[in-house]
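Engineer: sharing a sequence plus its predicted fold:
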Amino acid sequence: MRVVVDLNRCEANGLCMGVAPEVFDLTDDDELILLQEHPDESEREHVEEAVRQCPRQAISIEEDA
Amino acid sequence: MSTAATDLYYDPYDFEIDADPYPVWKRMRDEQPLYYNEKHDFYAVSRWDDVEAGLKNHAQLISSHGTILELIKANIEMPPGMVIFDDPPSHTAYRGLMSRVFTPRKMNAIEPEIRRYCQVELDALDGASEFDIVEVLAAKMPMRVIGMLLGIPEQDQQAIRDQTDHGLHLDSADSYSAAFQDFGGAANEGSFGEYLDWRMDNPSDDVMTQLVQAEFEDHTGVTRRLTREEVLGYVNLLAGAGNETTTKLIGHAVRTLAECPDQRRDLRANPDLIPNAVEETLRFEAPSPIQSRYVNEDIVVHGQTVPEGSAIVLVNAAANHDERKWGPNAEEYDIRRKMDHHLSFGYGLHFCLGAALARLEGRVALDEIIQRFPDWSIDYDRSERSHTSTVRGWDKLTVVLD
């Protein structure tokens, strides 16, 4: 899977960082950092939770072809 | 079955329903998940799945005709800079200007100031055994905080809050069109015009200066600064939104905890529960309980077509009480409830820009209250609900200390 974040939507609410800290982080300037664009399948549950919880609906998952 | 359903009536302008709308909302969820009100000509959805889907569906359920039912009905042009009444692409450009201003990290940095405001106001009670918590804290503190962030001198803050309250207030159930005239007027000039002109020549470290100085690419692709009118629209929106809803949140917390003494004591003994108690209060008594949208193209909801041009009300406060999402105790208050999210701040593109600020203000206010006062009750004879179709809560809430 590929994690896609729409940075125009992200407002650094940080919920993704809470549920999937291996994948998402925030800089001190509140810019989102994608730690892993292609995380392991074992992270899927956490990433899907982040997709659901992001209040701005900024995160999506693209499946590998 | 069908005859039982016909007596179901929901009307956001009916003060009696508004005093306790939850039984009506439960019937809507169970009996008419797509409800239609003939008198005011609007549709409504109330189940969690439908409200959440509606909030996410910004392409078909649009905001640029207004998100307050009477605004949609009035069919007038929204002032520029009012991101809450806007759609992509211009919404994206305007909202982007403020997208890193009210983040949890930035808001948490002003916690000491918020705590000091709360302490000063509560210390000033000086042993009083009863007081109106709205007057002494719930109205004052959010006003001072948003005033501080915007850079509004303290002496002007009360006048601004009065103007917003007046704009939202309904004198009677059918005077909503008159109420809007004030709101539209406030958005055009309001109390900020003179102050903004001064601020343009005297920049400072505040949100108004940021709005004045920000360069952005607008939806037509032109890089520019905001016009004076756009800054005024934005500032009016932030000031209005930053005051009224948080006042209601604090009132709801104090009122609900008065009715739940066991949970109040639990909270006092376990202050680390306070953030969750704030979330539960937001879920249980949403300060902004309904969000209206204009239907931009025909949609089908529960097998029925909602035609283009309709108004639809997304009852987020009803979704927050949906047993389908929350289980059999959905209608109970439980500060230890485990939850991922509620819909009191909306969801998606229009998710409350000030959510982190509201949460912080709620948390600090509740902390300072519960540290001082172990037990209290409400004198309902000396308390008053506010009457608006957009914000639900208490204008006056008399707390009696036990």
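Structural biologist: In hand now; what should we look at?
Engineer: close to chain A: what parts of the stretch 301-402 of chain B are there?
Structural biologist: Counting by C-beta under 8 Å from any C-beta of the partner chain, the residues of the stretch 301-402 of chain B close to chain A are B:340-341, B:345, B:347-349, B:351, B:353, B:355-356. C-betas here are computed from N, CA, C, even on glycine.
Engineer: now, which of these sits nearest residue B:66?
Structural biologist: Proximity of these to residue B:66 (C-beta to C-beta) peaks at residue B:349, which lies at 15.5 Å.
Engineer: enumerate the residues of chain A near chain B.
Structural biologist: So chain A meets chain B at A:8-14, A:26, A:28-30, A:49, A:52-53, A:55-57 (C-beta under 8 Å from any C-beta).
Engineer: so which of those residues sit within helices?
Structural biologist: A:49, A:52-53 (DSSP state H).
Engineer: going through the residues you listed, which ones are buried?
Structural biologist: Among those, those buried by neighbour count (16 or more other C-beta atoms under 10 Å in any protein chain shown) are A:49, A:53.
Engineer: any chance of TSV for the ones in helices among the residues of chain A next to chain B, columns pLDDT?
Structural biologist: Output for those, formatted as TSV (pLDDT from 0 to 100):
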residue	pLDDT
A:49	95
A:52	93
A:53	93
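Engineer: thinking again about what came up before, could you flag which of the residues of chain A next to chain B are buried?
Structural biologist: A:9-14, A:26, A:30, A:49, A:53, A:55-57.
Engineer: which of those sits closest to residue B:300?
Structural biologist: Using C-beta to C-beta, these come closest to residue B:300 at residue A:57, 22.0 Å.
Engineer: tell me who's in contact with that closest one.
Structural biologist: Shown in contact with residue A:57 (C-beta atoms under 8 Å, 6 or more residues apart in numbering or on different chains): A:9, B:56, B:347-349.
Engineer: which one (most neighbours) among these?
Structural biologist: residue B:347 (25 neighbours; other C-beta atoms under 10 Å in any protein chain shown).
Engineer: residue B:295 and residue B:60 touch, don't they?
Structural biologist: Yes. Counting by C-beta atoms under 8 Å, residue B:60 is a contact partner of residue B:295 at 6.8 Å.
Engineer: is residue B:254 in a helix, a strand, or coil?
Structural biologist: Here residue B:254 is recorded as helix under DSSP: H, G, I helix; E, B strand; the rest coil.
Engineer: neighbours of the residue nearest to it when sequence neighbours are not counted, how many?
Structural biologist: Of all residues not flanking residue B:254 in the chain, residue B:133 sits nearest, at 5.1 Å (C-beta to C-beta, 6 or more residues apart in numbering or on different chains). Residue B:133 has 30 neighbours, counted by other C-beta under 10 Å.
Engineer: my read is that residue B:133 contacts residue B:251, right?
Structural biologist: Yes. Counting by C-beta under 8 Å, residue B:133 touches residue B:251, with 6.7 Å between them.
Engineer: so for those two, which residues contact both of them?
Structural biologist: residue B:397.
Engineer: just to revisit the earlier point, out of the ones in helices among the residues of chain A next to chain B, which one sits closest to chain B?
Structural biologist: residue A:53 (5.7 Å; C-beta to the nearest C-beta).
Engineer: residues contacting the closest one?
Structural biologist: Residue A:53 sits next to A:15-16, A:19, B:340-341 when contact means C-beta under 8 Å, 6+ apart.
Engineer: now rank these by neighbours and give me the top one.
Structural biologist: Counting by other C-beta under 10 Å, top hit in the contacts of residue A:53: residue A:16 with 27 neighbours.
Engineer: contacts for the helix or strand hosting it?
Structural biologist: In this assignment (DSSP states H and E), residue A:16 forms part of helix A:15-19. If you take C-beta under 8 Å, 6+ apart as the criterion, helix A:15-19 is touched by A:23-26, A:32, A:46, A:49-50, A:53-55, A:59.
Engineer: ok, residue B:389 touching residue B:67?
Structural biologist: No. Using C-beta under 8 Å, residue B:389 is not in contact with residue B:67; the gap is 11.3 Å.
Engineer: burial count for the nearest residue in space to residue B:75 that is not next to it in sequence?
Structural biologist: With C-beta to C-beta, 6+ apart as the criterion, residue B:75 has its nearest non-adjacent residue at 7.1 Å, and that residue is residue B:65. Using other C-beta under 10 Å, residue B:65 has 22 neighbouring residues.
Engineer: again with residue B:306
Structural biologist: By other C-beta under 10 Å, 21 other residues sit near residue B:306.
Engineer: how much space between it and chain A?
Structural biologist: 22 Å (C-beta to the nearest C-beta, to the nearest Å).
Engineer: okay but that residue is in contact with residue B:35, surely?
Structural biologist: No. Contact status for residue B:306 versus residue B:35: not in contact, 10.9 Å apart, counting by C-beta under 8 Å.
Engineer: overlap in contacts, these two.
Structural biologist: residue B:43.
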